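Colleague: Provide a 3D model corresponding to the input given below.
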Amino acid sequence: MLHFRSSPEPIPTMMKFALVASLFGSAAAFAPVSNVKATTALSAEMSKSMPFLIQPPATVGLIGSSEFDPLNFSGNFDIKWLQESEIKHGRVAMLASAGFIASQFVNFPMYADMHVDDSNMAPAAVGISAMLQIVLTSGIEEWRTYKGKVTMEDMFTGENADREPGNFGFDPMGMCKGKSEAEVNSMKLKEIKNGRLAMLAIGGMIHHNFVTGEALF
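Modeller: Have a look, this model is predicted:
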């Protein structure tokens, strides 16, 4: 009977080859990957005010923008409509802050007998008819200013498509005349910042009087 004995050399050789291949594969798996481009791209897309959030692209380059939009409103709504809303609320808040303080010390002659130190009580003092007059007048002026286009869907359409948010050409004192673009933009930035501050201020004053039950001063 013939006995065939396989050569012992091929087996160790193949095992060595497999072991070397597996080592190379493992080393490749843990090798550092160049991420210079990825890091650069990621840094360029992070918000300046909230660097742990992605930069909201719709706010880039806008006057007064610090790229603060944690709820991504600018990605879900018309950015021009949002700008219009912020500027308008800021203007109303600036008037409201001044009026809230002034009404504690000054009254129109026809309302002299309705004076209240706590400005929160002023609406109740003048009555519902006076408040409805304000609401009605504001509504009419709103409709006239926007030519009936008062919703987000149509405010910046048609002839208003190119209108700059917040700009109605109202400058009776000529404060923007003869100024460079940089100077005008500086004035716009001041208005936005003062409007934001006023929105916080009027909210704080109202709640101060509400919580303490006392006048501001």
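Colleague: what pLDDT does residue 181 get?
Modeller: For residue 181, the pLDDT comes out at 94.
Colleague: Also residue 60?
Modeller: 92.
Colleague: same question, the one 4 residues further on
Modeller: Taken from the predicted model, the pLDDT recorded for residue 64 is 95.
Colleague: Contact partners for residue 67?
Modeller: Contacts of residue 67 were listed using Cβ atoms under 8 Å, 6 or more residues apart in numbering, and they are 47, 48, 49, 50, 55, 56, 59, 60. (C-beta placed from N, C-alpha, C; glycine too.)
Colleague: Where does pLDDT dip in the chain?
Modeller: Residues of the chain meeting the criterion pLDDT under 70: 1-44.
Colleague: Next, count neighbours for residue 188.
Modeller: Residue 188 has 17 neighbouring residues, counting by other Cβ atoms under 10 Å.
Colleague: got the phi/psi numbers for the closest residue to it other than its chain neighbours?
Modeller: Nearest residue to residue 188 in three dimensions, chain neighbours excluded: residue 63, at 5.1 Å (Cβ to Cβ, 6 or more residues apart in numbering). With angles defined as degrees, to the nearest 10, residue 63 sits at phi -60, psi 130.
Colleague: wait, residue 63 sits on residue 189?
Modeller: Yes: the criterion here is Cβ atoms under 8 Å, and residue 63 meets it with residue 189 at 5.5 Å.
Colleague: Look at the two and report which has more neighbours.
Modeller: residue 63 (16 against 13).
Colleague: For that one, list the residues it contacts.
Modeller: Here residue 63 is in contact with 185, 188, 189, 192 (Cβ under 8 Å, 6+ apart).
Colleague: As a markdown table, the residues you listed with secondary structure and distance to residue 133 would be great.
Modeller: As requested, the contacts of residue 63 are exported to a markdown table (DSSP: H, G, I helix; E, B strand; the rest coil; distance: Cβ to Cβ, whole Å):
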| residue | secondary structure | distance to residue 133 |
| --- | --- | --- |
| 185 | helix | 37 |
| 188 | helix | 32 |
| 189 | helix | 35 |
| 192 | helix | 30 |
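Colleague: Only C-alpha atoms, please: export stretch 131-141 in CSV.
Modeller: Output of stretch 131-141 as CSV, limited to C-alpha atoms (Å, rounded to 0.1, in the frame of the first residue of the first chain):
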residue,chain,number,x,y,z
MET,A,131,-58.1,100.5,22.8
LEU,A,132,-60.3,99.5,19.9
GLN,A,133,-59.5,102.8,18.2
ILE,A,134,-55.8,102.0,18.4
VAL,A,135,-56.3,98.5,17.0
LEU,A,136,-58.5,99.7,14.2
THR,A,137,-56.2,102.6,13.2
SER,A,138,-53.2,100.2,13.3
GLY,A,139,-55.0,97.7,11.1
ILE,A,140,-56.0,100.3,8.5
GLU,A,141,-52.5,101.7,8.4
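Colleague: Pull the residues that contact it.
Modeller: residue 123.
Colleague: Now do it: distance to the chain's middle.
Modeller: From the chain centre to the centre of stretch 131-141 is a distance of 28 Å (Cα atoms, centre = their mean, to the nearest Å).
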